[in-house]
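Build me a model from this:
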Amino acid sequence: TFDTLSACDKHYQESHVFECSECKAVFPNNHLLDLHLQETHDSYFATALERSKASYQCLVSSCHEVFRTDNERCMHLRSKHGYPKWFRFHPRSKE
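Take a look at the predicted model:
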(Lines give C-alpha, C1' and ligand atoms only; values in the text may rest on other atoms or scores of the structure.)
Protein backbone atom coordinates (compact mmCIF):
# COMPACT_ATOMS: atom_id res chain seq x y z
CA THR A 1 0.00 0.00 0.00
CA PHE A 2 1.02 3.61 -0.48
CA ASP A 3 0.67 6.56 1.87
CA THR A 4 -0.26 9.00 -0.88
CA LEU A 5 -1.70 8.95 -4.36
CA SER A 6 1.47 10.57 -5.69
CA ALA A 7 3.60 7.78 -4.18
CA CYS A 8 1.35 5.21 -5.87
CA ASP A 9 1.54 7.08 -9.17
CA LYS A 10 5.34 7.34 -8.93
CA HIS A 11 5.60 3.59 -8.30
CA TYR A 12 3.30 2.86 -11.25
CA GLN A 13 5.27 5.12 -13.61
CA GLU A 14 8.62 3.61 -12.57
CA SER A 15 7.56 -0.03 -12.36
CA HIS A 16 4.72 -0.78 -14.73
CA VAL A 17 4.46 1.66 -17.62
CA PHE A 18 7.06 0.06 -19.91
CA GLU A 19 6.19 -3.56 -19.18
CA CYS A 20 6.52 -6.34 -21.74
CA SER A 21 3.14 -7.95 -22.31
CA GLU A 22 4.84 -11.25 -23.19
CA CYS A 23 7.18 -11.84 -20.24
CA LYS A 24 6.38 -8.97 -17.82
CA ALA A 25 9.95 -7.59 -17.96
CA VAL A 26 9.98 -3.86 -17.08
CA PHE A 27 12.11 -1.25 -18.86
CA PRO A 28 12.94 2.36 -18.01
CA ASN A 29 11.74 3.71 -21.36
CA ASN A 30 9.80 2.84 -24.50
CA HIS A 31 12.93 2.58 -26.69
CA LEU A 32 14.29 -0.30 -24.59
CA LEU A 33 10.90 -1.99 -24.43
CA ASP A 34 10.60 -1.82 -28.23
CA LEU A 35 14.09 -3.30 -28.68
CA HIS A 36 13.29 -6.04 -26.16
CA LEU A 37 10.05 -6.93 -27.96
CA GLN A 38 11.81 -7.06 -31.31
CA GLU A 39 14.91 -8.97 -30.22
CA THR A 40 13.24 -11.35 -27.77
CA HIS A 41 9.71 -12.02 -28.96
CA ASP A 42 9.59 -11.17 -32.68
CA SER A 43 9.69 -14.29 -34.90
CA TYR A 44 10.71 -12.18 -37.93
CA PHE A 45 13.78 -10.92 -36.04
CA ALA A 46 14.62 -14.49 -34.96
CA THR A 47 14.45 -15.68 -38.58
CA ALA A 48 16.56 -12.75 -39.77
CA LEU A 49 19.07 -13.54 -37.03
CA GLU A 50 19.34 -17.15 -38.22
CA ARG A 51 20.05 -15.87 -41.73
CA SER A 52 22.57 -13.25 -40.49
CA LYS A 53 20.31 -10.47 -41.76
CA ALA A 54 19.32 -8.98 -38.41
CA SER A 55 20.94 -5.93 -36.88
CA TYR A 56 21.04 -4.72 -33.31
CA GLN A 57 20.34 -1.07 -32.58
CA CYS A 58 22.22 0.87 -29.91
CA LEU A 59 20.34 0.94 -26.61
CA VAL A 60 20.87 4.70 -26.29
CA SER A 61 17.88 6.23 -28.05
CA SER A 62 19.83 9.25 -29.34
CA CYS A 63 22.51 7.01 -30.95
CA HIS A 64 21.69 5.54 -34.34
CA GLU A 65 24.52 2.98 -34.62
CA VAL A 66 23.59 -0.57 -35.62
CA PHE A 67 25.58 -3.78 -35.16
CA ARG A 68 25.76 -7.28 -36.61
CA THR A 69 25.88 -8.94 -33.19
CA ASP A 70 24.76 -8.26 -29.64
CA ASN A 71 28.40 -8.59 -28.57
CA GLU A 72 29.45 -5.80 -30.96
CA ARG A 73 26.69 -3.65 -29.50
CA CYS A 74 27.93 -4.36 -25.96
CA MET A 75 31.46 -3.32 -26.93
CA HIS A 76 30.06 -0.09 -28.42
CA LEU A 77 28.01 0.61 -25.28
CA ARG A 78 31.15 0.26 -23.15
CA SER A 79 33.48 2.29 -25.36
CA LYS A 80 31.12 5.05 -26.52
CA HIS A 81 28.52 5.34 -23.75
CA GLY A 82 30.41 4.24 -20.63
CA TYR A 83 28.36 1.13 -19.85
CA PRO A 84 30.02 -1.23 -17.35
CA LYS A 85 31.81 -4.35 -18.63
CA TRP A 86 29.30 -6.63 -16.90
CA PHE A 87 26.24 -5.08 -18.59
CA ARG A 88 24.07 -7.33 -20.77
CA PHE A 89 20.73 -6.39 -22.35
CA HIS A 90 20.07 -10.09 -22.98
CA PRO A 91 21.24 -12.70 -20.49
CA ARG A 92 24.01 -14.96 -21.72
CA SER A 93 22.79 -18.35 -22.81
CA LYS A 94 23.72 -21.23 -20.54
CA GLU A 95 25.85 -23.62 -22.55
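
Can you name the residues in contact with the host helix or strand of Thr47?
Mapping Thr47 onto the secondary structure by DSSP states H and E places it in helix 43-50. Residues from elsewhere that reach helix 43-50, judged by C-beta atoms under 8 Å, 6 or more residues apart in numbering: Gln38, Glu39, Ala54. The C-beta positions use only the backbone N, C-alpha and C, and glycine is treated the same way.

one more time with 10 Å, if that's ok
The contact list for helix 43-50 (C-beta atoms under 10 Å, 6 or more residues apart in numbering) reads Leu35, Leu37, Gln38, Glu39, Thr40, Asp42, Lys53, Ala54, Ser55, Tyr56, Thr69, Asp70.

could I get those residues as TSV with distance to Val17, pLDDT and neighbour count?
What follows is the contacts of helix 43-50, written out as TSV (distance: C-beta to C-beta, whole Å; pLDDT from 0 to 100; neighbours: other C-beta atoms under 10 Å):
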residue	distance to Val17	pLDDT	neighbour count
Leu35	16	96	20
Leu37	15	95	17
Gln38	19	95	15
Glu39	20	95	17
Thr40	18	94	15
Asp42	21	95	14
Lys53	32	91	10
Ala54	27	90	20
Ser55	27	93	15
Tyr56	24	95	23
Thr69	30	92	13
Asp70	25	92	16
